[in-house]
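Asks: fold the following, please.
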Amino acid sequence: MAIDFYTWGTPNGRKVAIMLEACGLPYAVHRVDIGRNEQFTPDFLKINPNGKIPAIVDQDGPGGTPFALWESGAILIYLAEKTGQYLPAETRARHVCLQWLMFQMGGVGPMFGQAHHFMRFAPEKIAYGIERYGKEAKRLYGVMDRRLAESAHLGGDALSIADFATYPWVARHEWHGIALADFPNVARWAASLAAMPAVAKGMTIPS
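Replies: Got it, this is the predicted structure:
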């Protein structure tokens, strides 16, 4: 049975789309236009009371019954455990991978998102916000670049949910004032992800 996937064209939505594609899971896309506040409709709030995309309803969830889940990191972990893919089984490797997933959830996503707001969308250009979040975005790129100097992927030698979570944010590097040439290891990693068919397809959803 297909997974119902509620999403819009944001990095958080795309990370789940990439995972669904990479795992080869059947899914049905439901567009939730956040520009029209569709994430606050009563029907969607029944799925995610927090009113955010993405969310899924796995019609073949635990025990064979429908299972609704929201928060993109939680969805990635669930799909990894459901399929046995993109999350190491060995304890140390698993927690290193989860560490880098949390790095994305707690650092990359919120900080890059704030940089996007102040640099692109704020009606008034506030120098303090632009400098604060631009500086933090650059610091986070430095953390990733040092990690990727010693490891092929963020979570370790193998491709993982940590990479799928982070790539859609890095793909918008120009939005937060970053030149990838300044971070060659991140640039190499991003190019390798971009070349994957599952990533390329996931980045187009919803079309």
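Asks: now residue 55: phi and psi?
Replies: In terms of degrees, to the nearest 10, the main-chain angles of residue 55 are phi -150, psi 160.
Asks: no wait, residue 27
Replies: Here residue 27 shows phi and psi, under degrees, to the nearest 10, equal to phi -150, psi 150.
Asks: now swap in the one 3 residues further on and tell me
Replies: Residue 30 has phi and psi values of phi -120, psi 110 when expressed as degrees, to the nearest 10.
Asks: quick one: contacts for it?
Replies: Residue 30 sits next to 4-7 when contact means C-beta atoms under 8 Å, 6 or more residues apart in numbering. Where you see a C-beta, it was placed from the backbone N, CA and C, and this is true even at glycine.
Asks: show me which of those are buried.
Replies: 4-7 (16 or more other C-beta atoms under 10 Å).
Asks: next SSE after the single longest helix found in the chain?
Replies: Across the chain, the longest stretch assigned as helix under DSSP state H is helix 127-150. For helix 127-150, the following helix or strand on the C-terminal side (DSSP states H and E) is helix 161-170.
Asks: counting contacts, what elements does that next one pack onto?
Replies: helix 11-23, helix 72-83, helix 91-103, helix 184-194, helix 197-202 (3 or more C-beta pairs under 8 Å, 6 or more residues apart in numbering; DSSP states H and E).
Asks: relative to the whole chain's centre, how far out is the third one?
Replies: In other words, helix 91-103. The chain centroid and the centroid of helix 91-103 are separated by 15 Å, computed with C-alpha atoms, centre = their mean, to the nearest Å.
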